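Visitor: show me how the following folds:
(one chain, ligands or ions: 1)
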Amino acid sequence: MNQAGQNYLTQFKEAINELTRFTMVYKFAMDELNTKINILKEEFQYVHDYNPIEHCNSRLKSPESILQKVIRKNIDFSLPSIKENIKDIAGIRISCSFINDIYRISEMIEKQKDVEVVERKDYIKNPKPNGYQSLHLILKIPVFMSDREEDVYVELQIRTIAMDFWASLEHKIFYKYNKEIPERLTKDLKEAALSAAELDRKMESIHREVNHLKKVNEDSDLGDLLSLDIPKNMMQSILKDLSGSIKLP
Ligand code: 0O2
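Guide: Alright, predicted model coming up:
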């Protein structure tokens, strides 16, 4: 390799090293958001006896793929410009069982004081022409480091298991055909997306019905309990003990 080639290689390695250092803060932001998601998951399970989050994955864009995006989007190659223009360096994807849960989770995250929603794309209410469905949020999160505070963008994608199944297959096909999916497959994928959406609707309606039955059963269990012939003073004493730890209606 000649001198110019050597220089180019050294500069390229330096750029990759600099990008690796730069992405560290994105890992911290991702850790923070993952902690928030885990808290919501555990607390929701405890309070509602139900877990709205099936899976949660996170990924940090590699320096190479940041560089590819810089070139593809024709962005100025400087760290401030990358920071402002590439908002999915840190990405978290949540899969839920039901569509309702997607909006529940997004609402719980959006109303947290230290989280700012800077962009929201609802591909569930408005699916992409190819059938893609998901809720995308770009969040801005403060990261506190030893000598400074930095606001960091994190992309959060929330979708159902069916939407996720479709998106990962479509993603594989997209790259297998080098981003030019044959027309027949495009049509099949669109049909599959519609079937997935229909499945989501059906599952949600079954879930709602089962929840309603569960509530009716719980109410009748409570009715049974209240109809028990417990002496008044004993009942008052039980309620007094309970009210120390539980807020009675
Ligand atoms: P990867 O490898 O998953 O990160 P952007 O390019 O992000 O600045 P865009 O395309 O308007 O702008 O963003 P959008 O619509 O929010 O989509 C970003 C991400 O959503 C993509 O990231 C994919 O992860 C996912 N996505 C969007 N559209 C589709 C689709 O049609 N099929 C599938 N399978 N995924 C989709 P990346 O960077 O493209 O890829």
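Visitor: quick check: residues of this protein near the ligand?
Guide: Contact residues (Cβ under 6 Å from any ligand atom) of the chain with the ligand: 88, 121, 128, 130, 132, 136, 167, 170-171. Every C-beta, even on glycine, is put in place using the N, C-alpha and C of the backbone.
Visitor: now, of those, which are buried?
Guide: Buried by 16 or more other Cβ atoms under 10 Å: 88, 132, 136, 167, 170, out of those.
Visitor: nearest to I230 among these?
Guide: H136 (53.9 Å; Cβ to Cβ).
Visitor: got the buried residues for stretch 27-40?
Guide: So for stretch 27-40, counting by 16+ other Cβ under 10 Å, buried means 28-30, 32-33, 36-37, 40.
Visitor: CA atoms only for the lengthiest strand in the chain, dumped as PDB, please.
Guide: Secondary structure assigned by DSSP state E gives strand 149-160 as the longest strand of the chain. In PDB, the C-alpha atoms belonging to strand 149-160 read as follows (Å, rounded to 0.1, in the frame of the first residue of the first chain):
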ATOM      1  CA  GLU A 149     -25.100  16.300  31.400                       C
ATOM      2  CA  GLU A 150     -26.000  15.300  27.900                       C
ATOM      3  CA  ASP A 151     -29.400  15.000  26.200                       C
ATOM      4  CA  VAL A 152     -29.400  11.800  24.100                       C
ATOM      5  CA  TYR A 153     -31.800  10.500  21.500                       C
ATOM      6  CA  VAL A 154     -33.100   7.000  21.700                       C
ATOM      7  CA  GLU A 155     -35.400   5.400  19.200                       C
ATOM      8  CA  LEU A 156     -38.200   3.300  20.700                       C
ATOM      9  CA  GLN A 157     -40.200   0.900  18.500                       C
ATOM     10  CA  ILE A 158     -43.200  -0.700  20.100                       C
ATOM     11  CA  ARG A 159     -45.200  -3.400  18.300                       C
ATOM     12  CA  THR A 160     -47.200  -6.600  18.700                       C
END
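Visitor: quick one: average pLDDT of it?
Guide: Over the span of strand 149-160, the pLDDT mean works out to 97.
Visitor: please compute how far it lies from its chain's middle.
Guide: 8 Å (Cα atoms, centre = their mean, to the nearest Å).
Visitor: how about it: buried residues?
Guide: Of all the residues in strand 149-160, those buried under the rule 16+ other Cβ under 10 Å are 152-160.
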